[in-house]
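Asker: Fold the following.
(one chain, ligands or ions: 1)
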Amino acid sequence: MTDTPTQLFIGGAWLDAADGATMPVDDPATGEILCRIADAGPKDAKLAEEAAVQAQEEWARTAPRARSEILRRAYEIILERTDELAHLMTAEMGKPLAEARGEVAYAAEFFRWFSEEAVRIDGGAGILPDGRNRMLLSRRPVGPCLLITPWNFPLAMSTRKIGPAIAAGCTMVLKPAPQTPLSSLALAAILKEAGLPDGVLNVVTTSRAGEVCEPLLRGGRIRKLSFTGSTNVGRLLLAQSAEAVVRTSMELGGNAPFIVFEDADLDKAVDGAMLAKMRNMGEACTAANRFFVHHSVAEEFGRRLAERMGALVVGPGTRNGVDVGPLIDRTGRGKVEALVADAVERGARVLVGGRTPEGPGCFYPPTVLTDVSPESRLMDTEIFGPVAAILTFGDEDEVIRRANDTPWGLVGYVFTEGLDRALRVSERLEVGMVGLNTGLVSNPAAPFGGVKQSGLGREGGRVGIEEFLEYQYLAMPVR
Ligand code: NAP
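Answerer: Model prediction:
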């Protein structure tokens, strides 16, 4: 912790907030303050924007190979410092160290992937259909970007945006979540060490997100917003972006259905459920939120899942053998408690968990609820906690209708051994991603994103860099 930067990173320098304000970063396992960091105000944000705008032209002209190599070096440094970064992430976010190490590897992979994409930005040339004109198509960076990230994957949500922005030749201002700013500040230091020129990446940590971001979005100099967070905040930022016609990428909330058919391999389904539900203590946009299990296998599935969930060890993420760390804060835990209480009031049975432990920290036990009423609030609310809610269904049409009956469409999980059914159901689900007999879809080489109110655009994969590029078409007569 002693070497971790705690100041704003603007124009390549570490600065205090202009008004000297600071804010605490808490350890969710103890509720104690880990450290204090700079708390930026609108003046600091303007300074960061100015640094990004000033750096843009020269940065756009750098050789793609040079941008690629900076990303590659940063990828290698991140991997060398896996342990240090994992401890930092566990301290500020709570996830167990093994999961934090996994996130470090996942986060680094975005830099490796986009270091490979930076040198493959294409263009085009051709004769137009009339035969009298030529066209030249070139790609150029969209310009200075505002990147806003959530707390649940403090490093990976940053690299998933910074990687393609660097590869495309964009400069940026990053505003990380106030609960988990330390991972992003450590990342900025690594990028500087890897040779990123001053002003290309600027990081403003703040407790005043609205005051800091709105003027940038409305001001006309930021050309792109890439946001990951809740649908409600995304909607607000889309409205703010409309004024200066800022291009947007939105990775928003989910309400994933997890469907287990009667012909599913139940071992695979339970393994998949553990991953889809318990990765990150359930604090993931991809977390299975509604388990629809065919009535003929529901009891067996519920029993096996409860057994596995009940065997997990809950405790501080730094302790050996712990599987489930604390939730992010008291508000997050309070929301989970209220959703479980509501479901139980409406008739759900608690197979395991469901009781908040005494003592410090924001712990909540792995919980399985069965006989959940479709009217329960957790059916149309992201639980964001270690709670599996099981409902039963009778046939395929019915379960597809119920799975799609939500404003969200990020991911769905389907468990069946029938190939035809697997494809048919996947095609009919209104989601951007499907996990077929698997509980994990995230991969830097695949386009991540949702439909409906789960977002706009994709991150990662071949298309991830497109979000940061514009076309320029040049017309020229054939002579
Ligand atoms: P959130 O409350 O929407 O916050 C996300 C980020 O937006 C934070 O940095 C937050 O800062 C900032 N923010 C809030 N209001 C703002 C405003 N008016 N102007 C500018 N920035 C603002 O979400 P969260 O609780 O951190 O994260 C959980 C949500 O993220 C869930 O809904 C989850 O599904 C979603 N998520 C989606 C994906 C995906 O890829 N689709 C991935 C991960 C998470 P403050 O906290 O200071 O307000």
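Asker: The one helix or strand residue 332 maps to and the ligand, are they touching?
Answerer: Under the criterion of DSSP states H and E, residue 332 resides in helix 330-345. No. Using CB under 6 Å from any ligand atom, helix 330-345 stays clear of the ligand, coming no nearer than 7.9 Å. Any C-beta I mention is one placed from the backbone N, CA and C, and that applies to glycine too.
Asker: Just checking: what are the partner strands of the helix or strand just after that helix?
Answerer: Next along the chain after helix 330-345, taking DSSP H and E as the criterion, comes strand 349-352. Taking DSSP bridges as the criterion, strand 349-352 pairs within the sheet with strand 367-370 (antiparallel).
Asker: neighbouring contacts of the strand it pairs with?
Answerer: 298, 302, 305-306, 309, 340, 343-344, 348-354, 386-390 (CB atoms under 8 Å, 6 or more residues apart in numbering).
Asker: Can you say which of the residues you listed are buried?
Answerer: With burial judged by 16 or more other CB atoms under 10 Å, the buried subset of the contacts of strand 367-370 is 298, 302, 305-306, 309, 340, 343, 348, 350-354, 386-390.
Asker: of all the residues in the stretch 301-450 of the chain, which ones are close to the ligand?
Answerer: 382, 410.
Asker: 8 Å instead?
Answerer: 328, 332, 382, 384, 410, 448, 449, 450 (CB under 8 Å from any ligand atom).
Asker: What is the burial count for the last one?
Answerer: Counted with other CB atoms under 10 Å, the neighbours of residue 450 add up to 27.
Asker: how close does the spatially closest residue to it that is not a sequence neighbour sit to residue 288?
Answerer: Distances taken as CB to CB, 6 or more residues apart in numbering place residue 410 nearest to residue 450, at 3.6 Å, with adjacent residues excluded. Residue 410 sits 11 Å away from residue 288, going by CB to CB, to the nearest Å.
Asker: Now for these two: what residues contact both?
Answerer: residue 256.
Asker: So those two - more neighbours on which side?
Answerer: residue 288 (30 against 27).
Asker: So what does that one look like in phi/psi?
Answerer: Note on residue 288: backbone dihedrals following degrees, to the nearest 10 are phi -60, psi 120.
Asker: per-residue confidence for it?
Answerer: Residue 288 carries a pLDDT score of 98 in this model.
Asker: residues in contact with it?
Answerer: Applying CB under 8 Å, 6+ apart, the residues contacting residue 288 are 256, 257, 258, 273, 276, 277, 388, 413, 439.
Asker: out of the residues you listed, who's nearest the ligand?
Answerer: residue 256 (9.8 Å; CB to the nearest ligand atom).
Asker: so what's the residue of the chain found nearest the ligand scoring on pLDDT?
Answerer: Closest approach between the chain and the ligand, counting by CB to the nearest ligand atom: residue 229, at 2.7 Å. For residue 229, the model assigns a pLDDT of 98.
Asker: Residue 2 too?
Answerer: 58.
Asker: Let me see the contact set for the residue nearest to residue 450.
Answerer: Counting by CB under 8 Å, 6+ apart, residue 410 makes contact with 252-256, 285-286, 431-433, 449-450, 454-455.
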